[in-house]
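# Whatever this is, show me its structure:
(3 chains)
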Amino acid sequence: MSKPFHVLSPEQFNRSFLEELFVLADKIRLIDKSKEGNRFLADILSHKRSMLYFTQPSSRTFLSFQTACSILGIKASEVRDTSISSEKKGESVEDSLRTFSSYVDLIIMRSPLPGLCDRIASLLNETPRPIPVINAGSGPDEHPTQSLLDLYTLSRNFAKRGGIDGKKICMVGDLRRGRTVRSLSKLLTNYQNVEIIFCSPKEFKILDDIREFLRAHPQISFSETGHFVEAISQADAVYMTRIQDEYDQSFESKIIDISKYCLTYDHLNYLKDDAVILHPMPRREELDPRVDLDPRAEYWRQERNGMWTRAALICKIFGVHEQITAY
Amino acid sequence: MSKPFHVLSPEQFNRSFLEELFVLADKIRLIDKSKEGNRFLADILSHKRSMLYFTQPSSRTFLSFQTACSILGIKASEVRDTSISSEKKGESVEDSLRTFSSYVDLIIMRSPLPGLCDRIASLLNETPRPIPVINAGSGPDEHPTQSLLDLYTLSRNFAKRGGIDGKKICMVGDLRRGRTVRSLSKLLTNYQNVEIIFCSPKEFKILDDIREFLRAHPQISFSETGHFVEAISQADAVYMTRIQDEYDQSFESKIIDISKYCLTYDHLNYLKDDAVILHPMPRREELDPRVDLDPRAEYWRQERNGMWTRAALICKIFGVHEQITAY
Amino acid sequence: MSKPFHVLSPEQFNRSFLEELFVLADKIRLIDKSKEGNRFLADILSHKRSMLYFTQPSSRTFLSFQTACSILGIKASEVRDTSISSEKKGESVEDSLRTFSSYVDLIIMRSPLPGLCDRIASLLNETPRPIPVINAGSGPDEHPTQSLLDLYTLSRNFAKRGGIDGKKICMVGDLRRGRTVRSLSKLLTNYQNVEIIFCSPKEFKILDDIREFLRAHPQISFSETGHFVEAISQADAVYMTRIQDEYDQSFESKIIDISKYCLTYDHLNYLKDDAVILHPMPRREELDPRVDLDPRAEYWRQERNGMWTRAALICKIFGVHEQITAY
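Model (predicted):
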């Protein structure tokens, strides 16, 4: 039996996959507008079941995947709290997930345990009934499906301006720990002449592995700065992020001044007219709610894009994308 | 875009709406009896998704709405515990609910935060994709859909006796804090010559705002008494309620003697032969389980009526009631 | 109205019921393989709703039932945490369950309260709208549906070797408290000349009620031993179980040496070539994960069998098994 299509890292995607995925997401969005289209979609994978294994707090990604499953007719079960599960009876997490895999056709997972997704995907590959695993932001390192929706949002916004190639993307905030920044940076290497401006306090600069990854891809360039206004005023897209203090052991976040890296209503004057503002959400003080009313604020649409991107990805995983395309 | 049909308060309903709603609820109940009818209903809103946001303990109302959605084919997501959601990461409740609204077509909510439903409905009205909000008993003040099902139960029971007009309704218990008493009293002003007898210990009398509301509606009259047996023996309907001590800061409930306001098996002798006994449930000592066997006990059917009333209400919200009527 | 078909104890099943059930489970498994078959099944009971009331930790049984419902098109609600329900407001568990029964057509329950399933089934029998109740491993005594899937797994494995009649089944571990051992032993009395070898430390021997039950059924024989290797080497099936220390008040489990009752990789040499290894899962140290790769390890398939057995059982409960058979 061939191995299933696991989604574990943004590095597994290439440009042609990404472009096909985004066309597919557009198509699904369009089809879903009518009741007939909605019904067509809800039949595509109605014979499949999924498990949403989310033992780390999440509502956005959880609901986005749950809705994506629902759009395609997939029946989703969930495990969110190991205190009501057999892990309480001393079961290993590997046994638990193999058990869940018995009942379903797809596992979508987020766990605080580093590397668990990869381990489970490998484990299932060795069983008589392997099923695909999607990393839904598991562990501290990667969040591949978030970066897909971020990129899809950029792609839609730049569609009439030559696409993502050649654009300046400014990423702001906790670049050291933000998984979405890490994953999106990697995905952007699939495009030509993209320029990333990393803007953060010095304590939250990107890590060496990302620098090295980007340097190994000469088609992309990047710079690092602490000057917020200067950085955002050059950007075609401003990607704001929050401090990831749920991973914060030493409370250092509390003593670092991030007030200079917050997008306020007044900053809107510095942005290009056709710039777009993204944020993976949830936000805190780094993004003023008054910005929501500005037409350049794309983050609410970006959220909704998650649903379409994930539905498209699941269609790819199960090889039913051509049915969508043919509709 | 026109504003969505929010359900926020019993004051928004008038008699013709109520009567239409109850005819619709009857029709849905009838259609659901057959497998074919059940399928017809499950297709009516199969293209819609709802969010049950219940961050305050509830099982009855939650399940009633969940079932109502299921009857109409609506796929329901749920958030019940903010500890597994992004509110844990410092997200505002407004952002959380706007996020949830991205994925669904209807929000049904109960939160301990006073006024949150109204605030969310207003907030969504200002977004490019506003969706309807139903107050499912949120906050300490109102519980509009409970009062709809209470009224529907009265309406069904009095159908062959001239309807609700002219009936005597005795409400017993914690009238000060009981949201269902407050909401039902307001709804009853849509009928002619209804007489409400409020029966409670003096510490749990209705509040002035309800008195004033009723006085402003001359078609209804009310009286207040502490004499339980006298009150229930005159009533066409006895509406029992429990002490709402989950809102009790000072433990006063413990020291007030409510034993005289409990309906025991022996009290059944005092009730009119055609009286009906209602209770919004859950009950405690104020309603003896032995009363359940009496044919005048309507509270279990009343519970089930919640399902039909809420399904009818959701049909009204989405404007599909005529499809039901035409079946 | 006739009483509903409750599933409360393994003693209610006889051989012809079991054989029919297993044929039905086989058929459902087969039908579900195709998308068309999957759709056929999902329509069988699409007009029904179930309540999964699991107030005791469980993931395997919960998901297995949830999936069984999903296969048959039944919409399942769930209550897993009484802290978000009306029991928090002082409601009796009887009232809670009667309430849940208002909204659904089937209750599947696991509760730590001894005898609750039986009590609820009796209570519902007296209401105007009685619905079936399934004991999903409620309380310390029985786990009837687990024993059905265990037996189904044996039946499938022995299908080409004359069936279960005449086989030697060795049960290992905490036989005193293991509900699955208790229930399976009872079910095995439906077969001819089965020999059970109970193998455990002396502190975990089966209780007298099981001994007496088996002695009252002369078609079955049993022996008790502490010699693990000797016991397993004779067996046609080895049924491993874990220490049930969630019921352990005195921490005695910690001081009893169970190391001699663990199946390691080396023990595989002692097993018959055509023996099968079962385990109700979750496992701990008593079953080495390296055993998983041995073709005699049946416990992962056994888990999946739970889904088919439970789906078949639900079809029997609702009397739709003939529709399956006719497909």
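# Was I right to think A:His6 contacts A:Ser122?
No - using C-beta atoms under 8 Å, A:His6 is not in contact with A:Ser122; the gap is 9.1 Å. For every residue, glycine as well, the C-beta is placed using N, CA and C.
# Who has more neighbours out of the two?
Of the pair A:His6 and A:Ser122, A:His6 is the one with more neighbours under other C-beta atoms under 10 Å in any protein chain shown, namely 22 against 14.
# Leaving out chain neighbours, which residue sits closest to the more buried one?
Closest residue in space to A:His6, ignoring its immediate chain neighbours: A:Ala121 at 4.4 Å, by C-beta to C-beta, 6 or more residues apart in numbering or on different chains.
# what does A:Pro130 give?
Nearest to A:Pro130 is A:Leu124, by C-beta to C-beta, 6+ apart, at 4.6 Å.
# Which pLDDT does the model give A:Gly166?
For A:Gly166, the model assigns a pLDDT of 98.
# Am I right that it sits in a strand?
No - read with DSSP: H, G, I helix; E, B strand; the rest coil, A:Gly166 is coil and lies in no strand.
# And the strands in the stretch 51-200 of chain A?
Using DSSP state E, counting those that start in this stretch, the strands of the stretch 51-200 of chain A run over A:75-79, A:106-110, A:133-135, A:168-172, A:194-199.
# Quick check: residues of the stretch 101-250 of chain A near chain C?
A:102-104, A:127 (C-beta under 8 Å from any C-beta of the partner chain).
# circling back to that earlier point, so the residue nearest to A:Pro130 makes contact with A:Val133?
Yes - using C-beta under 8 Å, A:Leu124 makes contact with A:Val133 at a distance of 6.7 Å.
# So which of those two has more stuff around it?
Shown here are A:Leu124 and A:Val133; by other C-beta under 10 Å, A:Val133 has more neighbours (31 against 21).
# Contacts only, for the more buried one.
For A:Val133, the contacting residues are A:4, A:6-8, A:106-109, A:117, A:120-121, A:124, by C-beta atoms under 8 Å, 6 or more residues apart in numbering or on different chains.
# Setting aside sequence neighbours, what's the nearest residue to it?
Among residues not flanking A:Val133 along the chain, A:Ala121 sits closest, at 4.4 Å (C-beta to C-beta, 6+ apart).
# That neighbour: how many residues sit nearby?
Around A:Ala121 there are 22 residues (other C-beta under 10 Å).
# ok, now which ones touch it?
A:Ala121 is in contact with A:6, A:8, A:133, counting by C-beta under 8 Å, 6+ apart.
# and the gap between the spatially most central residue of chain A and chain B?
Geometric centre of chain A, nearest residue: A:Gln146, 0.4 Å, by C-alpha atoms, centre = their mean. Using C-beta to the nearest C-beta, to the nearest Å, A:Gln146 is found at 13 Å from chain B.
# What residue, apart from its backbone neighbours, is nearest that residue spatially?
Ranked by C-beta to C-beta, 6+ apart and with sequence neighbours excluded, the top spatial neighbour of A:Gln146 is A:Thr180, at 4.8 Å.
# What is the neighbour count of the one you found?
Neighbours of A:Thr180 (other C-beta under 10 Å): 24.
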